[in-house]
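>>> sharing a model prediction with you, sequence too.
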Amino acid sequence: MRGTVHEPVLASGQATAVLGSVKSATAALAAAGVPINLVVYYDDLEASVYREVVQLPVAAISLDFCGVPGAAHGCATAALIDELGFPKDKRLGAGIIDGRSIWRDDGTASKLLTALRAKLGADQPISVQSSTTLQHVPYDVTPETGLPADLVSRLAFALQKLEEMVTLASSSGAEAAAPLASFGAGYGASESTTTVPEAMYSRSESYEARRGKQPTFAPFPTTTIGSFPQTAAIRRARLQYKRGALSEERYRERIGAEIGYVIGVQEALGVDVLVHGEPERSDMVEYFGLKLDGYAFTEQGWVQSYGSRYVRPPIVAGDVSRAAPMTVHEYALAQALTARPVKGMLTGPVTMLNWSFPRKDIPRSAQAFQIALALRAEVADLEAAGCAIVQVDEPALREGLPLKGARWEAYLDWAVRAFRLSVAGAAPGTQIVTHLCYSSFEDILPAIDAMDADVLTIENSRSDNEMIRALASAGYARDVGPGVYDVHSPVVPTVEFLADKLRSFGSTGILGGDASRIWVNPDCGLKTRRWEEVLPAMRNMVEASRLVREEVRAGKWGEGVVVVKVAGKAASAGQGDQPQRRLQRLLQLRRLRLWWMAT
Ligand SMILES: CN1c2c(nc(N)[nH]c2=O)NC[C@@H]1CNc1ccc(C(=O)N[C@@H](CCC(=O)N[C@@H](CCC(=O)N[C@@H](CCC(=O)O)C(=O)O)C(=O)O)C(=O)O)cc1
Ligand SMILES: N[C@@H](CCS)C(=O)O
């Protein structure tokens with residue numbers, strides 16, 4: 001029997017805290033006679049950790065030689081081996097084929113292999129392998145007939161990477177290490193737009209000065225994070241459109257009808273700041289990639305995301321720029337249907353990059369700045385179309401942090417600058433909202449503040465207000481929108497539950513209890529739910545906001561205690577049956593819409 005033990009934690013800043021456990025675990029396995037391949041990836045090892053790791057009682061050690069695609073770090077493994085050597089009694093798993101990039105090896109792998117063989121000697125057992133698991137890249141590039149041939153020739157998905165490994169492993173010595181294909185010429189050859197004047201990273205007025213010029217609302221204003229259910233009918237219409245079975249005109253009509261429905265729903269529920277619902281977006285990243293020059297798309301390049309979901313990350317294949325407005329049509333359509341403000345809805349530059357396949361030939365920061373400049377133009381066009389509130393989502397900002405804490409500062413520096421570059425051109429009166437989720441953020445609060453957004457909406461419902469408390473203790477002084485219910489669950493939250501949630505914000509001390517600056521919204525991801533769940537949940541959310549708003553007006557909120565217990569229905573006198581009637585009307589409206597979509 002033999003075993004493989006994956007310990008990417010050894011490449012993180014926490015290695016010393018776990019080394020003791022890794023030592024005892026590998027010793028126990030060795031005592032049981034199990035030869036172990038210890039696999040470490042996602043970054044290189046610190047020298048002190050490397051010295052310990054090579055002494056572990058394992059048969060093989062597999063290391064990442066590639067680092068993070070497009071990042072200047074993570075590739076020090078070859079230098080470590082060069083300096084400190086590698087034990088003769090162990091096999092080296094040489095992760096020289098980049099498991100996270102979709103690009104064909106440009107000759108680097110064969111050079112590394114040649115250098116390793118020269119350094120360690122012909123009798124050193126070496127396995128040629130990918131630097132990480134191959135789950136990060138799509139399966140096969142062969143079906144991608146829609147991509148330009150010169151791009152395809154530079155791509156390597158999982159199957160092609162296996163071929164590269166076999167080719168490299170079967171080559172003997174330096175003479176057989178022929179480069180495979182170059183990334184340099186054509187795609188991604190140009191220098192990027194990194195020389196942006198410093199003034200473009202800052203709004204023209206400070207947060208304090210511009211706040212008074214922005215829209216204001218009653219206590220606990222209600223909104224959502226952007227998407228509404230992506231129904232089977234919407235996806236079917238998009239598929240028909242893609243296959244040519246539905247004309248562009250008809251497809252646009254259907255998307256328009258969906259936007260109309262979404263606006264009608266929010267109006268009927270009494271939401272304060274509306275969204276158009278994002279029905280035209282298959283995905284928040286893919287959609288913008290499709291609209292931007294410099295991006296390319298696969299037909300079949302699906303990768304797993306967060307365990308049970310699938311996404312098709314677009315490919316940054318050249319310099320990114322905006323060919324035409326990307327969201328203004330849908331925004332204007334929605335805004336024309338209502339007197340209430342509709343939020344412009346954009347995916348931020350850092351998330352665009354972190355959820356795309358980036359180039360390897362220029363730094364990630366440069367790619368993010370290019371995307372930011374494209375988004376900046378979009379913000380200006382939204383403003384010109386009358387949009388007063390623009391949300392720029394950055395759910396992947398935290399996720400992109402390097403494993404090692406020592407690398408955080410450099411990453412956050414360009415990430416925050418990219419975000420600021422995308423929004424800083426907005427007029428002082430335009431309210432910039434950002435949305436962060438899928439993580440805890442306590443450890444990057446200064447960076448969040450430095451983003452200089454006017455409103456921060458943040459995933460909160462599953463964390464028992466931890467994030468709100470952290471923001472309050474840090475003296476965070478901008479408007480916040482903590483998610484009030486978990487959209488990942490089909491459970492419809494009751495008015496009572498939601499009202500208690502709002503009341504509980506009082507005890508956190510956030511914004512000194514100024515409820516007009518605390519937004520009421522669900523966590524993100526309504527696109528993954530069904531209307532049957534969303535309608536009653538939203539109705540209850542708006543009702544809870546009204547209820548606690550009244551308590552605030554009566555001076556009962558902010559005392560840090562649960563003020564009123566609501567039994568069953570909403571407690572506002574004389575209005576108890578209204579929400580029920582509204583819901584019935586909405587369900588009727590929905591039946592009508594389904595009939596329309598089906599015809
Ligand atoms: C927020 N998250 C996201 C991440 N990355 C992104 N790029 N985008 C994100 O939103 N990373 C972290 C999280 C992960 N969370 C999610 C949540 C939900 C989804 C999701 O809904 N995925 C869908 C697929 C979405 C999609 O693009 N669908 C297409 C159509 C799909 C398709 O190709 N269909 C076939 C035929 C289908 C048929 O009916 O016959 C075809 O075209 O041939 C669309 O809407 O047009 C999923 O199903 O998992 C993802 C990440
Ligand atoms: N606007 C997006 C944000 C996802 S993090 C949505 O609501 O789905």
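Perfect, I can see it now. Ligands and ions are numbered 1, 2, ... in the order given.
>>> for Lys88, see how far away the residue of the chain most remote from its centre is.
Farthest-out residue of the chain from its mean C-alpha position, per C-alpha atoms, centre = their mean: Asp123, at 45.3 Å. The spacing between Asp123 and Lys88, counted by C-beta to C-beta, to the nearest Å, is 8 Å. C-beta coordinates here come from the backbone N, C-alpha and C atoms, glycine included.
>>> picking that back up, are we agreed that the residue farthest from the centre of the chain is in a strand?
No - the assignment for Asp123, made by DSSP: H, G, I helix; E, B strand; the rest coil, is coil rather than a strand.
>>> wouldn't Asp360 be in contact with Pro69 here?
In this structure residue 360 is Lys, not Asp. Yes - counting by C-beta atoms under 8 Å, Pro69 is a contact partner of Lys360 at 5.4 Å.
>>> buried residues, the strand or helix carrying Ala27. List them.
Taking DSSP states H and E as the definition, one finds Ala27 inside helix 15-31. Buried residues in helix 15-31, counted by 16 or more other C-beta atoms under 10 Å: Ala15, Leu19, Val22, Ala25, Thr26, Leu29.
>>> nearest to ligand 1 among the residues you listed?
Set against ligand 1, the nearest of these by C-beta to the nearest ligand atom is Ala15 (26.9 Å).
>>> dump the buried residues of helix 15-31 into JSON lines; add pLDDT and distance to Thr434 as well.
Putting the buried residues of helix 15-31 into JSON lines (pLDDT from 0 to 100; distance: C-beta to C-beta, whole Å) gives the following:
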{"residue": "Ala15", "pLDDT": "93", "distance to Thr434": "33"}
{"residue": "Leu19", "pLDDT": "96", "distance to Thr434": "38"}
{"residue": "Val22", "pLDDT": "97", "distance to Thr434": "39"}
{"residue": "Ala25", "pLDDT": "96", "distance to Thr434": "42"}
{"residue": "Thr26", "pLDDT": "96", "distance to Thr434": "44"}
{"residue": "Leu29", "pLDDT": "95", "distance to Thr434": "46"}
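>>> how far away is the residue nearest to the spatial centre of the chain from Val311?
In the chain, the C-alpha nearest the mean C-alpha coordinate belongs to Ala396, at 2.8 Å (C-alpha atoms, centre = their mean). Using C-beta to C-beta, Ala396 is found at 11 Å from Val311.
>>> mutual contacts of these two, please.
Trp355 (C-beta atoms under 8 Å, 6 or more residues apart in numbering).
>>> wait, what's in contact with Val392?
Leu346, Thr347, Gly348, Leu375, Val379, Phe419, Ser422, Val423, Ile432, Val433, Thr434, Ala453.
>>> off-centre distance for the helix or strand the first one falls within?
Taking DSSP H and E as the criterion, Leu346 maps to strand 344-347. When C-alpha coordinates are averaged (C-alpha atoms, centre = their mean, to the nearest Å), strand 344-347 and its chain have centres 13 Å apart.
>>> can that strand be found next to ligand 1?
No - using C-beta under 6 Å from any ligand atom, strand 344-347 never reaches ligand 1; the gap is at least 8.5 Å.
>>> neighbouring contacts of that strand?
Under the criterion C-beta under 8 Å, 6+ apart, residues 226, 275-276, 278, 284-285, 287-288, 327, 331, 375, 378-379, 382, 387, 389-393, 422 lie in contact with strand 344-347.
>>> quick one: the strands in the chain?
For the chain, the strands defined by DSSP state E cover 3-6, 36-39, 60-64, 91-97, 126-130, 292-296, 303-305, 309-311, 315-322, 344-347, 389-393, 431-436, 455-458, 479-482.
>>> for the fifth one, list every residue counted as buried.
The one in question is strand 126-130. Result for strand 126-130 [16+ other C-beta under 10 Å]: buried residues Ile126, Val128, Gln129, Ser130.
>>> which residues does the residue in the stretch 51-200 of the chain positioned nearest to ligand 2 contact?
Proximity of the stretch 51-200 of the chain to ligand 2 (C-beta to the nearest ligand atom) peaks at His136, 20.0 Å away. By C-beta under 8 Å, 6+ apart, His136 lies in contact with Gly99, Arg100, Val303.
>>> scan those and report the most crowded one.
Arg100 (23 neighbours; other C-beta atoms under 10 Å).
>>> can you tell me the closest non-neighbouring residue to that residue?
Leaving aside its chain neighbours, Arg100 sits nearest to His136 (4.7 Å; criterion: C-beta to C-beta, 6 or more residues apart in numbering).
>>> distance of Ala47 from Ile458?
Distance, Ala47 to Ile458, by C-beta to C-beta: 38 Å.
>>> the more surrounded of the two?
Ile458 (25 against 12).
>>> wait, isn't the more buried one in contact with Arg478?
No - using C-beta under 8 Å, Ile458 makes no contact with Arg478, being 11.3 Å away.
>>> so Thr224 sits against His276, correct?
No - counting by C-beta under 8 Å, Thr224 sits too far from His276 to count as a contact (10.7 Å).
>>> so between the two, which is more surrounded?
More crowded of Thr224 and His276, by other C-beta under 10 Å: His276, with 30 against 26.
>>> burial measure for Pro428, as a count.
Residues within reach of Pro428, counting by other C-beta under 10 Å, total 17.
>>> what about Ser206, how many neighbours?
Residues near Ser206, counting by other C-beta under 10 Å, number 11.
>>> measure it to ligand 1 for me?
Distance, Ser206 to ligand 1, by C-beta to the nearest ligand atom, to the nearest Å: 32 Å.
>>> picking that back up, of the contacts of strand 344-347, which count as buried by neighbour count?
For the contacts of strand 344-347, buried by 16+ other C-beta under 10 Å: 226, 275-276, 278, 284-285, 287-288, 327, 331, 375, 378-379, 382, 387, 389-393, 422.
>>> quick check: beta-bridge partners of the residue nearest to Trp302 when sequence neighbours are not counted?
Take Trp302 and drop its neighbours on the chain: the residue closest to it by C-beta to C-beta, 6+ apart is Tyr310, 4.7 Å away. Judged by DSSP bridges, the bridge partners of Tyr310 are Gln304.
>>> contact partners for Tyr310?
Listed by C-beta under 8 Å, 6+ apart, the contact set of Tyr310 reads Trp302, Val303, Gln304.
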